[in-house]
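Asks: Need coordinates for the following:
(2 chains)
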Amino acid sequence: MTPLLTTKGLSRHFGGLRAVDGVDFTLMPGEIRAIIGPNGAGKTTFVSLLSGRIRPSSGMVVFDGADITAMPAYKRVRLGVAYTFQITSVFANLTAFDNVALPVQRTLTDGRTKGQVRSGVMAALERTGLAERAGTLAGQLSYGHQRLLEVAMGLALKPRLLILDEPTQGLADSEIDNFITLVREIARDAAVLLIEHNMPVVMQLAGRITVFNSGKILAEGTPGEIRANAEVQDAYLGAAHG
Amino acid sequence: MRNASPAKTYALHISVIALLFALNFVLPDYHQGLFARIMALAVFAMGYNLLFGYVGLLSLGHAMFFSAGLYGAGLTVYHLGWGVPEAFVAGVACGALLALVIGLLALRTSGVAFMIVTMMFAQVFYLLILYFAAWTGGDQGLVIQQASRVIAIGGASFDLTDPTVRYMSALALFSIILLVTLAVVCSRFGRVLVAIRENEERTKMLGYDTVANKLTAVVASGAICAASGAAYALLFGYVGSSFASVQYSILPLLWVLLGGAATTLGPLIGTLFMYYVTDITSGFTSAYLLIVGVALILLVLFFPKGILGSIRERWLRWLP
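Replies: Residues are numbered from 1 along each chain as shown, chains lettered A, B, ... in the order given. Alright, predicted model coming up:
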């Protein structure tokens, strides 16, 4: 099977800081991959390079066999690389409906989906349990619902790769359970790349885990392997637990 | 727009147009003329509102698009002897072309820099008009004779200097632009424009080429403002450089802010309000600008979102 996404020697320097430093990374279709690592390890910079929000200093990004290193972010989205923001950035002054209508009409314009804007929006809102709040201004939704709306917008883009940057941050425990079910559903159609600090969520969801430290990949493996890895214990898990 | 049925929205706008139509037969001569002027200039405000209200781009140079239409229509009639329809199209085309060029350059900036760059280009445009005084008439301007302002359609001819023809022509243009802006803001494109205003970075990450969308909006806005300018030249017969001065870049901003930015009917209300406050107060005192100023301050204090914007916020959430 050909990988959905690979990076070769991907680097991004901010002045003297090597935020991402020569990363070789491979993601297979249908995979749920978690990226973990201490704060400042370069996780968000790395996924920003994948989504095209920032340009790499060197290296390349290949998506579905095509070199997309120089491609602007909006074109990558049309190819199926969707990114949901770490800090909730739904359109606060628009209704939940209009928030989701934007990605839905995008896929319709691109000819990647067919049908009406309304039905596409309601489908995505129903999947995330927000259908009853379609007419509510996004800024008036609870924090947890705003996060779900963010996911609904990602879903509505019909991604082949969905990048979720700390999606469970600020969610209540009950909401996290729903969220795990939702991600599993998404993974039926798309690969999911998840930056996550909540270890129980990572261990339940991820097929494989990539550990970042100081801009480099420190380790990669199944949840069991990562848990047993001494280096990871030192760099991250150990620190997190005392 | 929040869950409004399109039928209700269109009914409201058609009613406004019907009301303006009826006013032609009721208004005294003086007010009939004033309304024709207000409707023509409300088109200018609507064009400005498309960019400022919906996309959130504050331009301080829209006088150049208005006067591109004004001169595009006026000069082709005056020097080339073109008919009214051709001259109108020439005016709109000039505005659209100018907007395309200015858009390509100015959209490299945003925020305050965009304001300054647009203002600068408008100033260049103004000075060019003065420089080419041999053709433009400079600060004296040009008067377009009555004989040039007659539209012949088939056997019938319409004299734009006739008050009723002038009123109806202004109303026709106003109605078309009102319905077009309504259709645009309720469309998918309109939704993207608002999204850019709210959060451009996020809009990009939903797959939108925000620069291309903004450029389209600048061109549409420029073309609408030029249509207003072209109509103004043909309806009122005067083409002058004062319309390209910075005052005419500030006025549409004021009209839109007063009426309510990002509301379809706000530009009309703002233009109407400003014209009548000025008109009424100047009848009482020579210090009328003082009263206009106080009225503006009161409005900003109690209706910070403009007249229609505040009404929408408080009572009529469904207004587009």
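
Asks: What parts of chain A come near chain B?
Replies: A:51, A:53, A:72-75, A:77-78, A:82-83, A:85, A:89-95, A:97-98, A:101-103, A:105-107, A:109-110, A:117, A:135, A:153, A:157 (CB under 8 Å from any CB of the partner chain). Quick note: C-beta positions are derived from backbone N, CA and C, even for glycine.

Asks: Quick one: buried ones out of those?
Replies: Among the residues of chain A next to chain B, those buried by neighbour count (16 or more other CB atoms under 10 Å in any protein chain shown) are A:51, A:53, A:73-74, A:77-78, A:82-83, A:85, A:89-91, A:94-95, A:97-98, A:101-103, A:105-107, A:117, A:153, A:157.

Asks: Now, these that are in helices?
Replies: Secondary structure of these is defined by DSSP state H; positions in helices are A:51, A:73-74, A:77-78, A:97-98, A:101-103, A:105-107, A:117, A:153.

Asks: Now flag whichever of the residues you listed is closest to chain B.
Replies: Lowest distance from chain B to these (CB to the nearest CB) belongs to residue A:77, with 3.5 Å.

Asks: That closest one contacts residue B:205, correct?
Replies: Yes. If you go by CB atoms under 8 Å, residue A:77 and residue B:205 touch, sitting 6.4 Å apart.

Asks: shared neighbours, those two?
Replies: In the contact map built from CB atoms under 8 Å, 6 or more residues apart in numbering or on different chains, the residues linked to both residue A:77 and residue B:205 are A:51, A:83.

Asks: Next one: the residue of the stretch 201-320 of chain B at minimum distance from chain A from residue A:88, what distance?
Replies: Closest residue of the stretch 201-320 of chain B to chain A, CB to the nearest CB: residue B:207 (3.5 Å). Noted for residue B:207: a distance of 19 Å to residue A:88, by CB to CB, to the nearest Å.

Asks: Next, the residues that contact stretch B:128-147 from outside, please.
Replies: With contact meaning CB under 8 Å, 6+ apart, stretch B:128-147 is reached by B:67, B:71, B:74-75, B:77-79, B:159, B:161, B:233-234, B:237-242, B:244.

Asks: Only the buried subset of those, as a PyMOL command please.
Replies: For the buried members of the contacts of stretch B:128-147, the matching PyMOL selection, counting by 16+ other CB under 10 Å, is:
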select buried, chain B and resi 67+71+74+75+77+78+233+234+237+238+239+240+241+244
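
Asks: So which of the contacts of stretch B:128-147 are in strands?
Replies: Those of the contacts of stretch B:128-147 mapping onto strands are B:159, B:238, B:239, per DSSP state E.

Asks: Tell me which helix or strand in chain A has the weakest average pLDDT.
Replies: Of the helices and strands making up chain A, the lowest-confidence element is helix A:238-240, at a mean of 53, by mean pLDDT, DSSP states H and E.

Asks: in which helix or strand would I find the closest residue to residue B:56 other than its chain neighbours?
Replies: Distance criterion CB to CB, 6 or more residues apart in numbering or on different chains; nearest residue to residue B:56, sequence neighbours excluded, is residue B:197 at 3.3 Å. Assigned by DSSP states H and E, residue B:197 falls within helix B:188-198.

Asks: which other helices and strands contact the helix or strand just after that helix?
Replies: Past helix B:188-198, heading to the C-terminal end, the next element that is a helix or strand (DSSP H and E) is helix B:200-204. Where contact means 3 or more CB pairs under 8 Å, 6 or more residues apart in numbering or on different chains; DSSP states H and E, helix B:200-204 is packed against helix A:73-79, helix B:188-198, helix B:210-236.

Asks: Great, nothing more from me.
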